[in-house]
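Novice: Sequence plus the predicted model coming up.
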Amino acid sequence: MENQSENRSPQSTSGPQFGLDYEKNQGKMKGWINRYGSSVILPIIALLILAGGIYLYASQRGEEAIITLDEGTPSIEDLALNSEGEPVVSQEIEEEQKESIIIPESRKEGLQFIEKAVRGEGITHLSRRALKNYLESSSQELSNEHKVFVEDYLKDKIGSRSLVVGEEITFSQNLIEEAVNASSTLNPEQLEILEGYSKLIAW
C-alpha cells in the first residue's frame, strides 16, 4: 500500500498544471501592460477615439450639405420682411437676381423721376431707385437710416400696392425733397430703430 501511494504521488505532480500556466501568463500580461501601457496602448486608444470623432463629424457635415442642396434657394416667403411687410432679399441673393433681371434705367422728365417695375418689385423698390437717382442728380448724401425713412415716406404717399412687370411709377422731385427734409427731423432713438432695417437692405 505504501508503494502504491508512493507510485501515485509522482504521477499526480507530473501532469499539466493549468493553474500555474494561467497565473504565469497573466503575470506576463500585467508586466507588459505596466511596461508599455502609457507609451503604446494609451496613444492607440486616443487615436481610435480621435478617428471616431472625425468620422462622426465628417458624416454629420455631409448630411447637412445634402439637406442644404435639397432645400435649394429660399423662397420669398422664407425671407425677412421690412417695415412694410415686403420681403427683404439678402445681398448675395439680390446680387444673383440682379444678374438675371435687367433693371431698366430711370427716366427724368422735368421734375419727375419715372421708375419701371421689374419682377418681384414693389413701391418701396421703386422709391429706393427714385431716391438714389435724385441724390445722384442733387449731389446730396444721406445715411442709410435716413434713406429707409425717405423710401418709406414715399411709399406711404404713393400708396403700397402690388405692381405688374413694366408698370411705371412717377415720383415728383418736390415729394422726394419733402421726404428728405422730413428725415432731417429724426431723433437719435428713431435713427437707432431705423438702423435695424437699414442693415437688412443691400444698398
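Specialist: Nice, I can see it. Since the structure is predicted, the reported quantities are computational estimates derived from the model, not experimental observations. Residues are numbered from 1 along each chain as shown.

Novice: show me where the protein has strands.
Specialist: 80-81, 87-88, 107-109, 112-116, 168-172 (DSSP state E).

Novice: Including mean pLDDT, mean neighbour count and distance to residue 133, could the ones you listed go into TSV?
Specialist: Heads up, the C-betas are built off the backbone N, CA and C, glycines and all. TSV is the format used below for these (pLDDT from 0 to 100; neighbours: other C-beta atoms under 10 Å; distance: least, C-beta to C-beta, whole Å):
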stretch	mean pLDDT	mean neighbour count	distance to residue 133
strand 80-81	52	10	26
strand 87-88	52	16	21
strand 107-109	90	12	7
strand 112-116	95	20	6
strand 168-172	96	17	9
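
Novice: Could you dump these into JSON lines and include distance to residue 35?
Specialist: Putting those into JSON lines (distance: least, C-beta to C-beta, whole Å) gives the following:
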{"stretch": "strand 80-81", "distance to residue 35": "64"}
{"stretch": "strand 87-88", "distance to residue 35": "68"}
{"stretch": "strand 107-109", "distance to residue 35": "89"}
{"stretch": "strand 112-116", "distance to residue 35": "84"}
{"stretch": "strand 168-172", "distance to residue 35": "86"}
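
Novice: how about those strands, which one is nearest residue 198?
Specialist: strand 87-88 (10.6 Å; C-beta to C-beta).

Novice: Ok, which of the strands of the chain comes nearest residue 34?
Specialist: When those are compared (using C-beta to C-beta), the closest one is strand 80-81, at 63.5 Å.

Novice: Quickly list the domain ranges of the chain.
Specialist: 2-71, 77-198 (automatic domain parsing).

Novice: if you average pLDDT over each of these, which comes out lowest?
Specialist: Lowest mean pLDDT of these: domain 2-71, a mean of 63.

Novice: Which residues are in contact with the spatially closest residue to residue 145 that is not a sequence neighbour?
Specialist: Closest residue in space to residue 145, ignoring its immediate chain neighbours: residue 194 at 4.0 Å, by C-beta to C-beta, 6 or more residues apart in numbering. By C-beta atoms under 8 Å, 6 or more residues apart in numbering, the contact list for residue 194 reads 145, 146, 148, 149, 186.

Novice: correct me, but the fourth one touches residue 186?
Specialist: Yes - assessed by C-beta atoms under 8 Å, residue 149 is found in contact with residue 186 at 6.3 Å.

Novice: all helices of this structure, in order?
Specialist: 2-14, 18-36, 42-71, 91-100, 123-138, 144-158, 173-183, 188-198 (DSSP state H).

Novice: Residue 152 reaches residue 128, doesn't it?
Specialist: No - between residue 152 and residue 128 there is no contact under C-beta under 8 Å: 10.0 Å.

Novice: I'd assumed residue 165 was in contact with residue 119.
Specialist: Yes - using C-beta under 8 Å, residue 119 is in contact with residue 165, at 5.5 Å.

Novice: so how far is residue 150 from the residue nearest to residue 145?
Specialist: Residue 194 sits 10 Å away from residue 150, going by C-beta to C-beta, to the nearest Å.
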